[in-house]
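A.B. asks: The sequence isn't on hand, but the structure is:
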C-alpha cells in the first residue's frame, strides 16, 4: 500500500473498517479479556494484527519490513541473560533481599522500587517485571503484606527507572538506534528527572495506595488459593550457583560495554546471548523456556496494528491539526505533553514509532525528550506500556488481581506529576 499521500489514504472507504478494528483492538487490550473467551492481551493483539492483514489495511511485506526486529533481537537477548540469572538463583536471592523480614513496610516499598528501577535500567522494564513479580508476590505473602501496592510500586518504578538508559525499554532502543544517541549521553540527561520522579511516586503510593500491611482482605479459602497457584507455578530456583550467576553478570556487563562502544547493538546482544548458551550447566530448552515469547508476539502484533492505522493517514493529519492550533512538536515541553497523550492512546512503543516519522526534524535533544516522556507516560493506564500488561498477567497467574481501574487510580496522578516534573526539567536545561 502506498503511504506517500496520507490525505488520499484517509479518504479511502476501507479507512472506516481499519479504524473499527483499531478501536476494538485497543478497547479489548484495555479491558484485558473478551466475554466468553479465554484470550489474553497477547491473543487480542495477535487477532487485531491478523484482522488488519485480512482486510488489507497493511500488506504482509510491509508488516514484516516495518517491524522493529532490532528491538526484538535485543529484547530476546536480554531475556536469555535474565533466564541465566534466574536459573542460577541470583534473581531469587535479589528478590529475597528486597523484601527483608526486619524492615518496615514503607522502607520495604522504597527498597523494592529502588531495586526495580535500577534493574530495569540494565535489563529493560519488561524483562525486570517479568523476573521480579512472581518472586515478589511470594515474598509479600510470606510477610503478610498487601501485594497490590507493592506490585504496582515495583511496576511504576520499573517504567520510571527504564527511562534512564537506552536499554531500559524498547522505545528507548528504537529512538537511540534512529537518532544515534549515545548510552552515556542519554544517562546524563535523564538521570535527574528519573530520581526525582521515583521519590515522588514512592510518596504518592504511601499517601494514596492504601494500607501496606495485612496480606489482603480475603477469606481463608482465597488465601489458600494464592498459595496453591504459587506452588503450581514455575518457581525460580533459590539455590545460588556462583558460576552460572557470574556468567550471567559478565554477559550483562559485556552488553552494556558493547552498547557504549560503536558496535551494532542487536548484533552485539545476540552474540552475547549465543555465547551464554554455550555451557554445560543449563540446557538450551531450560533457558529458552524462560523467554517470554508471548511478550515478543505482543510487540510484533501491536506494531502491525499501529502501522495499519498509520497507513490511513489520520496520524499525519492529527499532527498537522496540532501545528495549525499552535502546538509545535519541535518545542520540548509541548512535545513532552503531546507524547504523554499519544502514548496512552496507542501505547508508548507505537507512539514513538509514529512520532519519529511525523516530527519534521528529529534531533538528539528531541529524541531524549521523546524517550523520557513516552516512558513516564507508560504509568498512566494498563495499556500505556508493555511492562504494565506483563505485571497484570504475572500477578494474575500468582493469585493477585489488578483491575484496569485499580491501576489507573494511582497511575493517572503519578503520570500527571511525572510529566510536570519532566516539563520543568526541560525548561531548566533549555
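C.D. replies: Sure, I can see it. This structure is a prediction, so every number in the text was calculated from the model and none was measured. Numbers count the residues shown, from 1 in each chain.

A.B. asks: so where's this protein shaky on pLDDT?
C.D. replies: Residues of the chain meeting the criterion pLDDT under 70: 1-13, 214-236, 238, 319, 346, 360-362, 430.

A.B. asks: tell me what the one helix or strand residue 121 maps to is packed against?
C.D. replies: Element membership for residue 121, per DSSP states H and E: helix 105-123. In terms of contacts (3 or more CB pairs under 8 Å, 6 or more residues apart in numbering; DSSP states H and E), helix 105-123 is packed against helix 69-87, helix 125-142, helix 147-162, helix 183-208, helix 242-260. C-beta: built from backbone N, CA, C; applies to glycine.

A.B. asks: One more pass at 10 Å, please.
C.D. replies: helix 69-87, helix 90-97, helix 125-142, helix 147-162, helix 183-208, helix 242-260 (3 or more CB pairs under 10 Å, 6 or more residues apart in numbering; DSSP states H and E).

A.B. asks: between the first one and helix 90-97, how many degrees?
C.D. replies: So that's helix 69-87. Angle, helix 69-87 to helix 90-97, by axes from the mean of the first three to the mean of the last three CA atoms, to 10 degrees: 70 degrees.

A.B. asks: List the buried residues in helix 69-87.
C.D. replies: Residues of helix 69-87 classed as buried under the neighbour-count rule (16 or more other CB atoms under 10 Å) are 70-87.

A.B. asks: Between the helices and strands packed on helix 105-123, which one is closest to residue 32.
C.D. replies: helix 147-162 (14.9 Å; CB to CB).

A.B. asks: gap between the closest one and the chain center?
C.D. replies: Centre-to-centre, helix 147-162 and its host chain are 11 Å apart (CA atoms, centre = their mean, to the nearest Å).

A.B. asks: Specify the angle between it and helix 183-208 in degrees.
C.D. replies: Using the same axes, to 10 degrees: helix 147-162 against helix 183-208 is 160 degrees.

A.B. asks: same for helix 147-162, what does it pack against?
C.D. replies: Using 3+ CB pairs under 10 Å, 6+ apart: helix 147-162 touches helix 105-123, helix 125-142, helix 170-179, helix 183-208, helix 364-377, helix 386-397, helix 404-429.

A.B. asks: Take these and lay them out in a markdown table including mean neighbour count and distance to residue 258.
C.D. replies: Listed next are the helices and strands packed on helix 147-162 as a markdown table, based on neighbours: other CB atoms under 10 Å; distance: least, CB to CB, whole Å:
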| stretch | mean neighbour count | distance to residue 258 |
| --- | --- | --- |
| helix 105-123 | 22 | 14 |
| helix 125-142 | 26 | 18 |
| helix 170-179 | 24 | 13 |
| helix 183-208 | 18 | 10 |
| helix 364-377 | 26 | 20 |
| helix 386-397 | 24 | 24 |
| helix 404-429 | 18 | 29 |
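
A.B. asks: Can I get these in TSV including distance to residue 325?
C.D. replies: As requested, these are arranged in TSV below (distance: least, CB to CB, whole Å):
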stretch	distance to residue 325
helix 105-123	36
helix 125-142	33
helix 170-179	25
helix 183-208	27
helix 364-377	19
helix 386-397	30
helix 404-429	19
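
A.B. asks: For residue 46, find the nearest of those helices.
C.D. replies: helix 386-397 (13.4 Å).

A.B. asks: between the helix holding residue 121 and helix 242-260, how big is the angle?
C.D. replies: Calculated by the same axes, to 10 degrees, helix 105-123 forms an angle of 60 degrees with helix 242-260.

A.B. asks: What's the local residue count around residue 252?
C.D. replies: 20 (other CB atoms under 10 Å).

A.B. asks: Leaving out sequence neighbours, find the closest residue to it.
C.D. replies: Leaving aside its sequence neighbours, residue 252 sits nearest to residue 81 (CB to CB, 6 or more residues apart in numbering; 5.4 Å).

A.B. asks: Can you give me every residue that contacts that neighbour?
C.D. replies: 122-123, 127, 247-252, 254-255, 269, 272-273, 276, 287 (CB atoms under 10 Å, 6 or more residues apart in numbering).

A.B. asks: same question, residue 161
C.D. replies: Residues counted as contacts of residue 161 (CB under 10 Å, 6+ apart) are 113-122, 125, 128, 168-169, 194-195, 197-198, 375.

A.B. asks: how close does it sit to residue 317?
C.D. replies: The gap separating residue 161 from residue 317 is 36 Å, by CB to CB, to the nearest Å.

A.B. asks: Same question for residue 245.
C.D. replies: For residue 245, the distance to residue 317 equals 52 Å [CB to CB].

A.B. asks: neighbour count winner among these two?
C.D. replies: More neighbours surround residue 245 than the other of residue 245 and residue 317, with 18 against 13 (other CB under 10 Å).

A.B. asks: wait, doesn't that one sit right on residue 85?
C.D. replies: Yes. Counting by CB atoms under 10 Å, residue 85 is a contact partner of residue 245 at 6.5 Å.

A.B. asks: Overlap in contacts, those two.
C.D. replies: Counting by CB under 10 Å, 6+ apart, the common neighbours of residue 245 and residue 85 are 91, 93.

A.B. asks: can I get the helices and strands packed on helix 105-123 in TSV with distance to residue 280?
C.D. replies: Converted to TSV, the helices and strands packed on helix 105-123 look like this (distance: least, CB to CB, whole Å):
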stretch	distance to residue 280
helix 69-87	13
helix 90-97	19
helix 125-142	24
helix 147-162	33
helix 183-208	33
helix 242-260	10
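
A.B. asks: Tell me which of those approaches residue 419 most closely.
C.D. replies: When those are compared for distance to residue 419 using CB to CB, the nearest one is helix 183-208, at 9.4 Å.

A.B. asks: by contact count, what packs against that closest one?
C.D. replies: Judged by 3+ CB pairs under 10 Å, 6+ apart, the packing partners of helix 183-208 are helix 105-123, helix 147-162, helix 170-179, helix 242-260, helix 364-377, helix 404-429.
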